[in-house]
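Visitor: I would like to see how this sequence folds:
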Amino acid sequence: MRCHRLSTTALALAGLAGALAVSHPAEAIPAFAAQTGLACDACHIGFPQLTPFGRLFKLEGYTLGEQKYPRIHNFSAMLQAGFTYLKDKVPGGLAPDFPSNHAWSIQQTSLFYGGVLDKGLGLGAFVQGTYDGIAHQFTWDNLDIRDAHLAKISGRQIIYGVTFNNAPGVTDVWNTLPAWGYPFIPDALGVGPTAGLEISNLAQTVFGVGGYAAYNITPANMLYGEVDVYKSLPSHTAYALGAGPANGVGGTIPYWRFAIQHSVGENSFEFGTSGLVAHPYPDGFTHGPKDDITDIGLDTQIQHITANQALSLQVAWYHENQHWGASFPLGDTANLNDTLNQETVTVSYLWHEVLGATESFSNISGNADSGLYGPAPITGNANGKPNTASFTTELDYYPFNKGGPKIFPWVNAKFFLEGTFYPYFNGLSHNYDGSGRSASANNIFFGGIWLVF
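Guide: Presented below is the predicted three-dimensional model:
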C-alpha cells in the first residue's frame, strides 16, 4: 500500500542532508535544489556523484520536497565549455570545423526539466535536451521518468516503481556504471579508442521501460533490483531526436541491475552486478540474421562523507561476449567469437566542498580481430587488437557549492583541468594505427567550466 510519510531510514538521510547542507540552495541541477530547499552538497559529492541522500531522492522519483506539481523553477540549464590540447595534432582537424589542435569549444548546452510531475501519483522526471557544440546539432539526452511509491514489508521500508528511460544504466544511483561513471566531463574533441561496450553504445539510441525496488533488509543494508526492456529507436525517430541513424539492434534488449548497499555512520559500501543482451544486425542491415552480444559487469563503490571532506572510490569491471553469427559469414569479422573487457578504477576527494581531485585508470582489452579492428590513420588498430589503457588526473574548483552570488543564488559551477595519458592505444604503444602515430600522441589536456543555472 502507498505510504505518504518518510520511513525511519529516509528521515535519517534527510537529517544527514540537513547537517551537510547550508542555507543557500545550489544544485548540480538547480531545479532539484529549488524543490527540496537543500544545497548541492546534500545530494552530490562535487556534481554529479551522488551521496546517500541523493540516491534516496532519485529512488523516490525526484518527488521529495513540499512541491506537488511542476513550477517554473523545475527548469534549468547547463553549459560545458573548455580548451583542448593534444600532444600531437590531428591532420584535417579534431572534428569538422575545428582546428587540428589548440581548440576552444562549447561542448554542450543543455536544458533540463527536473523534479516532481505529480506528487500524489509519485511521478517525477529528469529530462535533458542538449545542443552538441561539436556535432552542431540538437539531441535528446538523458531521460528518466519515474512513478515511485513507498511501502513496508515485514516492518521494513521498500521503495518501488517503474521507469521510462533511454539508456541502460541511466536509472542507476551509484557512479560506477558507464552512464554516470568517470569521466564525468570527457573531452569530445579527443581521439577515442575504437572499441567500446554495447552498454555504452546503446545510450540515447533506445527507449525502454522497467521496474525497480530498493528494500531495507536491515536498517543499515539496502537490497536493490531493477529489470528493464529496451527497443531500438525507429530510424525516423532517431533522426528526429538527433540520435540517428538507428543503431540496428533487433528485438528486445533485456537489462538487469542488482546491488546491495551497507551504510554505517559516515560510510557507505556498495557491491553490485549489471548486464544486458543485445542482438545487433550486421552493418548496413535492418533485418535478417543477427549477432549476439552479452555484457556482464561487477562494480563496487565506497564513500566516506563528513561536513568538511568526502572520499569516494568506484571500481567497475565489464566482460563482453561477442558472437558474430551474422557478421562472420559476411566477412565483417575475422572471428566467429570475440571478447572485450573493460576495467575502471576512480578515486576522488573533495575538501570543504570547494577543492576536488580525481585520479582514474581505465583499461580496455580483448582478443585480436582484424575484421573489427583494422589499420587506419589516427583511429586504426595496426595489430587488430582493441587494447587501450589510460590514466586521468583531474583538479576541480567549486566556487558556488555553498551558494551562488546574491544576484544569482541558484547558479553552480565547476572549473576543471584534466590530463589523460595513454601508455598504449588501440593495441600498441608505437605506430598503433599503422601510419606512424604513437599512443602518447593522443595524450590530452582539457580545461574549462561546467556551469549550471
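
Visitor: drop to CA atoms for contacts and neighbour counts, all remaining ones
Guide: Fine.

Visitor: what about G371, how many residues close to it?
Guide: Other residues within reach of G371, judged by other Cα atoms under 10 Å, total 15.

Visitor: got the contact list for it?
Guide: With contact taken as Cα atoms under 8 Å, 6 or more residues apart in numbering, G371 is in contact with G331, D332, T333, A334, N335, G384.

Visitor: in the stretch 51-200 of the chain, mark out all the strands, start to finish.
Guide: According to DSSP state E, counting those that start in this stretch, the stretch 51-200 of the chain carries its strands in the segments 75-86, 103-118, 123-132, 137-153, 156-165.

Visitor: also the stretch 301-450 of the chain?
Guide: Counting by DSSP E, counting those that start in this stretch, the strands of the stretch 301-450 of the chain are 309-323, 337-351, 355-366, 388-397, 412-424, 444-452.

Visitor: quick one: closest of those strands to G436.
Guide: Closest to G436 of the strands of the stretch 301-450 of the chain is strand 412-424 (Cα to Cα; 13.6 Å).

Visitor: now find how far off-centre the closest one is within its chain.
Guide: The offset between the C-alpha centroid of strand 412-424 and the centroid of the whole chain comes to 16 Å, using Cα atoms, centre = their mean, to the nearest Å.

Visitor: for stretch 348-360, same thing?
Guide: In terms of Cα atoms, centre = their mean, the centre of stretch 348-360 is found 19 Å from the chain centre.

Visitor: alpha carbons only: can I get it in PDB?
Guide: The C-alpha trace of stretch 348-360 is given here as PDB (Å, rounded to 0.1, in the frame of the first residue of the first chain):
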ATOM      1  CA  SER A 348      38.100  11.300  -5.900                       C
ATOM      2  CA  TYR A 349      38.500  13.600  -2.900                       C
ATOM      3  CA  LEU A 350      36.600  16.800  -2.100                       C
ATOM      4  CA  TRP A 351      37.800  19.300   0.500                       C
ATOM      5  CA  HIS A 352      35.300  21.700   2.200                       C
ATOM      6  CA  GLU A 353      33.000  21.500  -0.800                       C
ATOM      7  CA  VAL A 354      35.400  23.700  -2.700                       C
ATOM      8  CA  LEU A 355      38.500  21.900  -4.000                       C
ATOM      9  CA  GLY A 356      38.400  18.400  -5.600                       C
ATOM     10  CA  ALA A 357      40.900  16.000  -7.100                       C
ATOM     11  CA  THR A 358      40.300  12.800  -9.000                       C
ATOM     12  CA  GLU A 359      42.600  10.000 -10.300                       C
ATOM     13  CA  SER A 360      41.200   7.400 -12.600                       C
END
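
Visitor: in it, what's buried?
Guide: Within stretch 348-360, the residues that qualify as buried are S348, Y349, L350, W351, E353, V354, L355, G356, A357, T358, E359, S360, counting by 16 or more other Cα atoms under 10 Å.
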